[in-house]
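1. Quick one, fold the following:
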Amino acid sequence: MQSSAVLPVLFEVLPRVARIAAYIAAGVFAANLVVAFGLVERIAGLSRYLTSPANLPDEVGTAIVTTAASTTAGYGMLAEFRESGVLDDRATLVAVTINTFFGFVQHIFTFYWPVLIPILGREVGFMYVGARAAIALAITATGVVAGAVLLSDRNTTPVAVAETDGSGGVVDAAAGAGDSADAGDTDGSLREAVEDAARSTWTKLRRIVPRLAVVYVVVTLLLRTTDLESFAALASPLTNLVGLPGAAVPVVVAFAFDTTTGAATIAPAIGETFTPKQAVATMLIGGIISFAVSTFKRSIPFQYGIWGPEFGSKVIAVNTGLKIVFIALAVALLVA
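-> Predicted structure coming up:
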């Protein structure tokens, strides 16, 4: 492949990788510190109503709280807990599922409230955001139930006593607590905890970032040479199946590739071609098709970068599968 084709992709991908790496670093660093300084009890108090029934340790509550502010940082914390032995693979999948609603919350203030609701109008805007919130909450509840049924003490270690491959990892909280007898020892343990957290973060970034960059470059190059609009062929059968107007097809196609464009496309037709419920159902169907596109464009590079291909594929399968199931249920209720 000619360098003239690769260089523009590198300029497009590298800033994105750098931004994601910064959030991952923040999440991994914070995961080490909250355990080392015994802050889990303070941070994870509210989330214990979710983690306790799901048989997850309190450490996971810190990732849940973090996810509400940054999904990437929250995932970084979960990756650190998995590698340090706090969570095994099954427990990590449950934790990722529970995180869904909290990842949705941040978008309310950054996108739905300031952008989407003004475009769609108050009634349809609140209906759509409410439907998406209910879907996310249902997925989180599914994660809690799954944890209650599938997890036990064998899947988790409440305090990470095992460090990851000798590089620091999550620090045992008891080690820091025992050094608080005098100010000198406290200062020393504080400095050591911060240094250990920094070393562990650097180790993770050295492994994750190259993998993240390679996958993003490959995916972006494929996007430049692949006609993804073939996914739009799914729109017509889906809209016909649920009895939506023919005008729903171009809206679904637009919504699948860009949410704002899709909302702007359907907004003038609400009240004429579409009832409010039909409009919300149309946009949700657009969301189903967009998962095929967004999984290829964003989820695969991001999840493979954090977890690796094998476990990353499991995370993608669980996330996408649950979203499609609950969106389909929401659409069925809207058009019933």
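2. where exactly do the helices run in the stretch 1-150 of the chain?
-> Under the criterion DSSP state H, counting those that start in this stretch, the stretch 1-150 of the chain carries helices at the ranges 3-36, 40-43, 48-51, 59-67, 71-84, 89-98, 100-107, 117-120, 122-150.
3. Mind putting these into TSV with mean pLDDT?
-> Conversion of those to TSV gives the following (pLDDT from 0 to 100):
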stretch	mean pLDDT
helix 3-36	68
helix 40-43	52
helix 48-51	84
helix 59-67	83
helix 71-84	87
helix 89-98	96
helix 100-107	85
helix 117-120	87
helix 122-150	95
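4. Nearest to Arg199, out of the ones you listed?
-> Across those, the minimum distance to Arg199, taken as CB to CB, is reached by helix 3-36, at 9.3 Å. (C-beta placed from N, C-alpha, C; glycine too.)
5. Can you tell me how far the spatially most central residue of the chain is from Ala26?
-> Per CA atoms, centre = their mean, the C-alpha nearest to the average position across the chain is that of Thr71, at 5.1 Å. According to CB to CB, to the nearest Å, Thr71 stands 12 Å off from Ala26.
6. Ok, Ala254 next?
-> Using CB to CB, Ala254 is found at 34 Å from Ala26.
7. more neighbours, those two?
-> Between Ala254 and Ala26, Ala254 has the larger neighbour count (other CB atoms under 10 Å), namely 21 against 18.
8. Now that one: closest residue in space, sequence neighbours ignored.
-> The shortest distance from Ala254 to any residue that is not its chain neighbour, by CB to CB, 6 or more residues apart in numbering, is 4.2 Å, and that residue is Gly262.
9. Give me the next element, helix or strand, following the strand or helix carrying the one you found.
-> When secondary structure is defined using DSSP states H and E, the element that contains Gly262 is helix 259-266. Scanning forward in sequence from helix 259-266, with DSSP H and E defining helices and strands, the next element found is helix 276-294.
10. So for that next one, what gets flagged as buried?
-> Judged by neighbour count using 16 or more other CB atoms under 10 Å, the buried positions of helix 276-294 are 276-293.
11. out of the helices of the stretch 1-150 of the chain, nearest to Gly308?
-> Once CB to CB is applied to the helices of the stretch 1-150 of the chain, the stretch that comes out nearest is helix 71-84, at 9.9 Å.
12. got the buried residues for the closest one?
-> For helix 71-84, by 16+ other CB under 10 Å, it's 71-84.
13. same thing with stretch 117-126?
-> 117, 119-120, 124-126.
14. What is the end-to-end distance of it?
-> This stretch, stretch 117-126, spans 7 Å end to end (CA to CA, to the nearest Å).
15. Can you list the neighbours in contact with that stretch?
-> Contact with stretch 117-126 is made by 112, 116, 128-129, 260, 263-264, 266-267, 270, 276, 279-280, as judged by CB atoms under 8 Å, 6 or more residues apart in numbering.
16. And the furthest pair within the buried residues of stretch 117-126?
-> Greatest spatial distance among the buried residues of stretch 117-126 (CB to CB): Ile119 and Phe126, at 12.7 Å.
17. Can I get the helices of the stretch 1-150 of the chain in a markdown table including distance to Tyr304?
-> Output for the helices of the stretch 1-150 of the chain, formatted as a markdown table (distance: least, CB to CB, whole Å):
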| stretch | distance to Tyr304 |
| --- | --- |
| helix 3-36 | 12 |
| helix 40-43 | 29 |
| helix 48-51 | 27 |
| helix 59-67 | 19 |
| helix 71-84 | 12 |
| helix 89-98 | 14 |
| helix 100-107 | 18 |
| helix 117-120 | 33 |
| helix 122-150 | 21 |
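18. right, so of the ones you listed, which gets closest to Leu190?
-> Leu190 lies closest, by CB to CB, to one member of those: helix 3-36, at 8.9 Å.
19. you'd agree Asn314 is up against Val94?
-> I think there's a mix-up here, since residue 314 is Lys and not Asn. No: contact criterion CB atoms under 8 Å: Lys314 and Val94 do not qualify, at 11.8 Å.
20. higher neighbour count, the two?
-> For Lys314 against Val94, the residue with the higher neighbour count under other CB under 10 Å is Val94, and the figures read 29 against 17.
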